[in-house]
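kindly return the folded structure for what I paste below:
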Amino acid sequence: MGSCVSSNDTSPVPPATAKLILMDGRIQEFSEEVRSQDILRGYEGHFICNSDGLYVGQYISHVLRDNDRLEIGELYFLLPHRKLQFLLTDSDMASLLFKSNHAWLSAQKKKLNIKLSYGFGKYQAQVQPLFDIHNQ
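Numbers count the residues shown, from 1 in each chain. Model prediction:
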């Protein structure tokens, strides 16, 4: 006898996307893989990097080349070329975190409710960010 977790939510699951956070905090989502050069045509002097290549005290890695494609399920940032010249600082990372959090919150049309069942009782959990930095 053990606990079980189930979901009674029957709403369709949105398709996975590649997410690109722009400098102004907006988010672009792509449901199909797209080449970085196709996106960068509208953003002269910028580059795209995968969020996996961002570390405090290091230069930005995982920069996409022109023919590289944004992969579904990954998070990317559009940044100005000048960012490639400097090590990432704590404030740089905080700014990127703020932008990604802002983009995520803006993209939410409604809060996601998941009904969970644990053994004998039913509980309802609400999935949301740990904190909303806009209201602090």
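
show me where this protein has its strands.
All strands of the chain, identified by DSSP state E, fall at 18-21, 27-30, 34-35, 46-50, 69-70, 75-80, 112-118, 121-127.

and the last one, average pLDDT?
For strand 121-127, mean pLDDT is 44.

need the contact list for Phe86.
If you count contacts by CB atoms under 8 Å, 6 or more residues apart in numbering, Phe86 has them with Tyr59. The way it works is simple: take the backbone N, C-alpha and C, and place the C-beta from them, glycine included.

for it, grab phi and psi.
Note on Phe86: its backbone torsions stand at phi -120, psi 150 [degrees, to the nearest 10].

do you know the pLDDT at it?
The per-residue pLDDT reported for Phe86 equals 91.

do Ala16 as well
Reported pLDDT at Ala16 in the predicted model: 87.

now do the same end-to-end measure for stretch 74-85.
Counting by CA to CA, to the nearest Å, the length from the leading to the trailing residue of stretch 74-85 is 24 Å.

return the set of buried residues in it.
Residues 74-79, 83 are the ones in stretch 74-85 that count as buried (16 or more other CB atoms under 10 Å).

want to throw the residues you listed into JSON lines with pLDDT and distance to Leu20?
Rendered in JSON lines, the data for those read as follows (pLDDT from 0 to 100; distance: CB to CB, whole Å):
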{"residue": "Glu74", "pLDDT": "92", "distance to Leu20": "10"}
{"residue": "Leu75", "pLDDT": "91", "distance to Leu20": "8"}
{"residue": "Tyr76", "pLDDT": "94", "distance to Leu20": "5"}
{"residue": "Phe77", "pLDDT": "93", "distance to Leu20": "7"}
{"residue": "Leu78", "pLDDT": "94", "distance to Leu20": "6"}
{"residue": "Leu79", "pLDDT": "94", "distance to Leu20": "11"}
{"residue": "Lys83", "pLDDT": "91", "distance to Leu20": "15"}
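
so where do the helices sit in the protein?
In the chain, the segments counted as helices under DSSP state H are 36-40, 90-107.

hey, which helix or strand in this protein has the poorest pLDDT?
Sorting the helices and strands of the chain by mean pLDDT, DSSP states H and E puts strand 112-118 at the bottom, at a mean of 40.
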